[in-house]
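> when you get a sec, could you give me coordinates for this:
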Amino acid sequence: MNEQTTVITWPPTPVADTTGVPSFLRTSQSQSQFAALDQTQETTSVSYSDASSIARFPHFQISLHKVSSLASLYRENIARGRKVNVLLATLEVEGPDTVRVKKGLDAGKEVSVLRMILGDEDGSVCKLTAWRDVADAWGALGVKRGDIIYLENLAPMREPGSSITLTASPYNKPTAEICFRTMPYTREDNRLRPDLRLGKSDAAVKKVAALAQWFEQMAGLVG
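Numbers count the residues shown, from 1 in each chain. A predicted model of the protein is given here:
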């Protein structure tokens, strides 16, 4: 009996022409694999369970050496003009909304603003405010409560006696990536749920898994 073997290949991710247009989103390799698999399944007869295990392998291009913990930010005096990268769980999302600028050169203009409350497994919490095109881009990304997100090039600030506020301004070219969705709503959300058990040897995967587990316990999603 001749055995037939189905070979699964992933086409290269197309590169969009973004000349002169800043991108505030970070490409997720885990999501790219799942999206490519969806296209492959339309033209090949392949077991969904077998292919799913391949596509759901977590792959995060995150260097934890460049990630600041909230605890470290709370301990230090934050220098003016500093930019940080963070890997955190999303506790609340509000917006994007439209507000009118009251001061400065853009006084009177309406701009978009997106607000979030973020936290980590140590129990630290901070606020995030994204402005203008960043708010629109991250709003379109569809960040939801429970998402584990990686953010780059944020401006941290802390007033005495208050919580840390992270600002995402277009001038700093911040980027966002949803690493894991703890509360899926649709089948498409599966591409945001790589199997974190498959990458335990990777430090970034372990960190994402720890944040996801913390949020699930805090939100009462697990017993």
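> for the rest of this, base every contact and every neighbour count on C-alpha atoms.
Noted.
> lowest confidence element among the helices and strands of this structure?
helix 48-55 (a mean of 44; mean pLDDT, DSSP states H and E).
> what does the helix or strand following that one contact?
Using DSSP states H and E, the helix or strand that follows helix 48-55 towards the C-terminus is helix 70-75. Applying CA atoms under 8 Å, 6 or more residues apart in numbering, the contact partners of helix 70-75 are 120, 122, 124, 125, 126, 164.
> check which element follows helix 70-75 along the chain.
Using DSSP H and E, the first helix or strand after helix 70-75 is strand 84-100.
> how far off centre is the following helix or strand past that next one?
Following strand 84-100 in sequence order, the next helix or strand is strand 110-119 (DSSP H and E). Strand 110-119 sits 14 Å away from the centroid of its parent chain (CA atoms, centre = their mean, to the nearest Å).
> just checking, what packs against strand 110-119?
strand 84-100, strand 125-131, helix 132-141 (3 or more CA pairs under 8 Å, 6 or more residues apart in numbering; DSSP states H and E).
> mind listing what's buried in that strand?
Under the neighbour-count criterion of 16 or more other CA atoms under 10 Å, strand 110-119 has 111, 112, 113, 114, 115, 116, 117, 118, 119 buried.
> identify the bridge partners of the nearest residue to residue 115 once chain neighbours are set aside.
Among residues not flanking residue 115 along the chain, residue 129 sits closest, at 4.6 Å (CA to CA, 6 or more residues apart in numbering). On the basis of DSSP bridges, residue 129 is bridged to residue 115, residue 167.
> how much space separates residue 129 from residue 159?
Distance of residue 129 to residue 159, computed by CA to CA, to the nearest Å: 15 Å.
> which one's more surrounded, these two?
Legend: neighbour count by other CA atoms under 10 Å for residue 129 and residue 159, higher for residue 129 (19 against 8).
> tell me who's in contact with the more buried one.
Applying CA under 8 Å, 6+ apart, the residues contacting residue 129 are 113, 114, 115, 116, 165, 166, 167, 168.
> who's in contact with residue 154?
Applying CA under 8 Å, 6+ apart to residue 154 gives the contacts 83, 84, 85, 166, 167, 168, 169, 172, 174.
> tell me the secondary structure for it?
strand (DSSP: H, G, I helix; E, B strand; the rest coil).
> and it, bridged to which residues?
residue 84.
> returning to that earlier point: how about the contacts of residue 129, which pair is most distant?
Greatest spatial distance among the contacts of residue 129 (CA to CA): 113 and 165, at 14.0 Å.
> what about the longest helix along the chain, distance to the chain center?
Scanning the chain for the helix with the most residues, using DSSP state H, yields helix 203-218. Offset of helix 203-218 from its chain centre (CA atoms, centre = their mean): 13 Å.
> so which elements touch that helix?
Using 3+ CA pairs under 8 Å, 6+ apart, helix 203-218 is in contact with strand 84-100, strand 147-157, strand 175-181.
> pLDDT (mean, whole number) over that helix?
For helix 203-218, mean pLDDT rounds to 96.
> what's that helix in contact with?
58-60, 62-64, 87-89, 120-121, 146, 148, 179-180, 182, 196, 199-200, 222-223.
> try it again at 6 Å.
121, 200 (CA atoms under 6 Å, 6 or more residues apart in numbering).
> please spell out which residues along it are buried.
204, 205, 207, 208, 209, 211, 212, 213, 214, 215, 216.
> check stretch 148-160 too.
Neighbour counts over stretch 148-160 (16+ other CA under 10 Å) mark 148, 149, 150, 151, 152, 153, 154, 155, 156, 157 as buried.
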